[in-house]
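J.: generate coordinates for the sequence data below:
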Amino acid sequence: MPQIVVIMGVSGCGKSAVATGVARQFGWRAVDADDLHTPEAVAKMRAGQGLSDDDRAPWLDRVGALLAAGCAAQVGLLVACSALRRSYRDRLRTACPSVQFLFLDGDRAVIETRMAQRRDHYMPTSLLESQLRTLERPAPDETDVMRVNIDQPLDTLVQQACAALRHADVSADR
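T.: Sure thing, here's the model as predicted:
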């Protein structure tokens, strides 16, 4: 089974909740990459301003260092990280070549509803449009990306994420 996994998708899709649920199932560590943003980046997002590629670069390097450390330690690690652009995913792949991605994909209305229900997060619903514009859906040649539809209850979503990771393990053995 892949041991280093980035749970990716736009804000509000459930990355942190899924990472936590899958980590519980597998006994792995879960980390929210949002915790690796600088106070300045958080303040910018809290103010309703999207981050630029320049804003994200040092953050992606911190996420990559975390992934590389997990890879070196050979431990199970799930990182909730938007990884919206292919170039961001490629940057993470460079840091940890064995990383796998689990793309939480879903309808904008579902995501908006979930974002509106969050109480303790700095990302306002108004930034969803920016996230969707930035998102580059994984291409067919990104064979290290699995996809799970988020339009289902969290428990079901976690179980489907676990099944996708187990299936990736079976596929890798062939």
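
J.: residue ranges with poor pLDDT in this structure?
T.: Counting by pLDDT under 70, the ranges of the chain that qualify are 1-2, 115-126, 169-174.

J.: switch to 50 and redo it
T.: Along the chain, segments meeting pLDDT under 50 span 170-174.

J.: show me the strands in it, by range?
T.: 4-8, 29-32, 77-80, 100-105, 145-149 (DSSP state E).

J.: in JSON lines: the ones you listed, plus distance to A69 and mean neighbour count.
T.: Bear in mind the C-beta positions are built from the backbone N, C-alpha and C, glycine included. What follows is the strands of the chain, written out as JSON lines (distance: least, C-beta to C-beta, whole Å; neighbours: other C-beta atoms under 10 Å):
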{"stretch": "strand 4-8", "distance to A69": "10", "mean neighbour count": "28"}
{"stretch": "strand 29-32", "distance to A69": "11", "mean neighbour count": "18"}
{"stretch": "strand 77-80", "distance to A69": "8", "mean neighbour count": "27"}
{"stretch": "strand 100-105", "distance to A69": "17", "mean neighbour count": "22"}
{"stretch": "strand 145-149", "distance to A69": "22", "mean neighbour count": "18"}
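
J.: out of those, nearest to R89?
T.: If you check each of the strands of the chain against R89 by C-beta to C-beta, strand 100-105 wins as the nearest, at 6.3 Å.

J.: ranges for the helices of this protein?
T.: For the chain, applying DSSP state H gives helices covering 15-26, 39-46, 53-73, 86-95, 108-117, 128-134, 154-173.

J.: please identify which of the strands of the chain is closest to I111.
T.: Short answer: strand 100-105, nearest of the strands of the chain by C-beta to C-beta, at 9.3 Å.

J.: so what secondary structure elements neighbour the closest one?
T.: strand 4-8, helix 15-26, strand 145-149, helix 154-173 (3 or more C-beta pairs under 8 Å, 6 or more residues apart in numbering; DSSP states H and E).

J.: now for the first one, which elements pack on it?
T.: Contact analysis of strand 4-8 by 3+ C-beta pairs under 8 Å, 6+ apart lists helix 15-26, helix 53-73, strand 77-80, helix 86-95, strand 100-105 as its packing neighbours.
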